[in-house]
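Peer 1: after the sequence you'll find the predicted model.
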Amino acid sequence: MEHRSLQEEYARLRAQLAEAYSAPVWQPQRIDGLADALADIERRLVSQAPHATWRSAGTQALPSPSP
């Protein structure tokens, strides 16, 4: 997957993770799966350009977990 596609996938996954955290009832398996997928994308992005400054495809902050 090329760098631009990875960034787009990263932004899509971040949006889905934010949505999962904002749900009234959390689905831990979904959240864990999204977090794992994000970590994979991050590793792939870094491996493609280890010397470059990485710009986040999505700058939206995730909400803090609620008790």
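Peer 2: The structure has been received and is ready for your questions. Small disclaimer: the values here were computed from a predicted structure and weren't measured. Residues are numbered from 1 along each chain as shown.
Peer 1: what about residue 5, neighbour count?
Peer 2: Close neighbours of residue 5, defined as other CB atoms under 10 Å, add up to 10. C-beta coordinates here come from the backbone N, C-alpha and C atoms, glycine included.
Peer 1: state the distance from residue 44 to residue 10.
Peer 2: As judged by CB to CB, to the nearest Å, residue 44 and residue 10 stand 9 Å apart.
Peer 1: look at the two and report which has more neighbours.
Peer 2: More crowded of residue 44 and residue 10, by other CB under 10 Å: residue 10, with 21 against 14.
Peer 1: model confidence over the host helix or strand of the more buried one, on average?
Peer 2: Assigning secondary structure by DSSP states H and E places residue 10 in helix 3-22. Average pLDDT, helix 3-22: 94.
Peer 1: now do stretch 29-41
Peer 2: 96.
Peer 1: identify each buried residue in that stretch, please.
Peer 2: For stretch 29-41, the neighbour count (16 or more other CB atoms under 10 Å) marks 31, 34, 37-38, 41 as buried.
Peer 1: which residues touch residue 37?
Peer 2: Counting by CB atoms under 8 Å, 6 or more residues apart in numbering, residue 37 touches residue 13.
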